[in-house]
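Sequence plus the predicted model coming up.
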Amino acid sequence: MDLLQQNWGWVTANPWGFATFVVLAFGAGWGAANLFYRERIELLKARAGSPDQQSTKASAPRTFQYVANGRHGPNLLAATTHDAFVGQELSLRADIPDNETLHVVLHGPPHAYLSDTSGAWHYNVVGVTNWVMSKYQDNTSSPVQHFNAESGRAELQLIFARAGNVRVEVFESDSSSASWSKDIRVYDKG
């Protein structure tokens, strides 16, 4: 404020120069904030635009939730998903209550032919949210892979590469036995 009082004579003599200075200073501040805080600003915009993504304790789920569709397509963990196609994009999505964990095990179809792809499924490593995956194990009887997540939203894109039956076992809250399980039938595109 002292700077403005000391230079009041110049401000009144050059109103357009002062206005230009104010605009440039504001633009430089805005540019710096945008450069350094862009990611945080986008998160705040997303939270402000969708009330279901509030970060308050009251909005955290109290039970494990598996919505019908995720960001990448039908949710493999939803009660409504029982069929899929080779090459179809699916979500592996769960909303996990505070202080809880989720463990998902996929058991896939074994190789039927020598020309079968090496993996029964694959996932996109870009955009994985809150999942930690074990190494894919391609056993002779049935390939298997483990997926672990902690409190909050967990999601990834999963694509089946081989037709057959996939067994999904879900262990909620550090349970030693499956809380629930289901079979997904994967069909060829043709």
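All right, it came through fine.

Pull the lengthiest strand in the chain out as CSV, backbone CA atoms only.
In the chain, assigned by DSSP state E, the strand with the most residues is strand 89-107. This file holds the C-alpha atoms of strand 89-107, laid out as CSV (Å, rounded to 0.1, in the frame of the first residue of the first chain):
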residue,chain,number,x,y,z
GLU,A,89,-12.5,-52.8,-22.6
LEU,A,90,-13.7,-53.4,-19.0
SER,A,91,-13.1,-51.7,-15.7
LEU,A,92,-12.0,-53.4,-12.5
ARG,A,93,-13.5,-50.8,-10.2
ALA,A,94,-14.3,-50.8,-6.5
ASP,A,95,-15.1,-48.1,-3.9
ILE,A,96,-13.4,-49.3,-0.6
PRO,A,97,-14.4,-47.9,2.8
ASP,A,98,-11.9,-46.1,5.1
ASN,A,99,-9.3,-48.4,6.8
GLU,A,100,-10.3,-51.4,4.7
THR,A,101,-8.5,-53.4,2.0
LEU,A,102,-9.7,-55.4,-1.0
HIS,A,103,-8.1,-58.4,-2.6
VAL,A,104,-9.3,-59.7,-6.0
VAL,A,105,-8.1,-62.9,-7.6
LEU,A,106,-8.7,-63.7,-11.3
HIS,A,107,-8.5,-67.3,-12.5
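
So for it, what gets flagged as buried?
90-97, 100, 102-107 (16 or more other C-beta atoms under 10 Å). From N, CA and C alone the C-beta is placed, and that goes for glycine too.

where in the protein is pLDDT low?
35-61, 113-117, 140, 190 (pLDDT under 70).

Tally up the residues packed near Val128, please.
16 (other C-beta atoms under 10 Å).

if we can go back for a sec, mind checking how far the longest strand of the chain is from the chain centre?
Centre-to-centre, strand 89-107 and its host chain are 11 Å apart (C-alpha atoms, centre = their mean, to the nearest Å).

Start and end of stretch 63-79, how far apart?
Using C-alpha to C-alpha, to the nearest Å, the end-to-end distance of stretch 63-79 comes out at 15 Å.

ok, back up a step: right, and the helix or strand after the longest strand of the chain?
Sequence-wise, the next helix or strand downstream of strand 89-107 (DSSP states H and E) is strand 121-123.

ranges for the helices of this structure?
Assigned by DSSP state H, the helices in the chain fall at 2-6, 8-13, 15-49.

Correct me if wrong: Trp121 contacts Gly108.
Yes - counting by C-beta atoms under 8 Å, Trp121 touches Gly108, with 6.2 Å between them.

tell me what the longest strand of the chain is packed against?
Counting contacts by 3 or more C-beta pairs under 8 Å, 6 or more residues apart in numbering; DSSP states H and E, strand 89-107 is packed against strand 69-70, strand 73-74, strand 144-160, strand 164-172.
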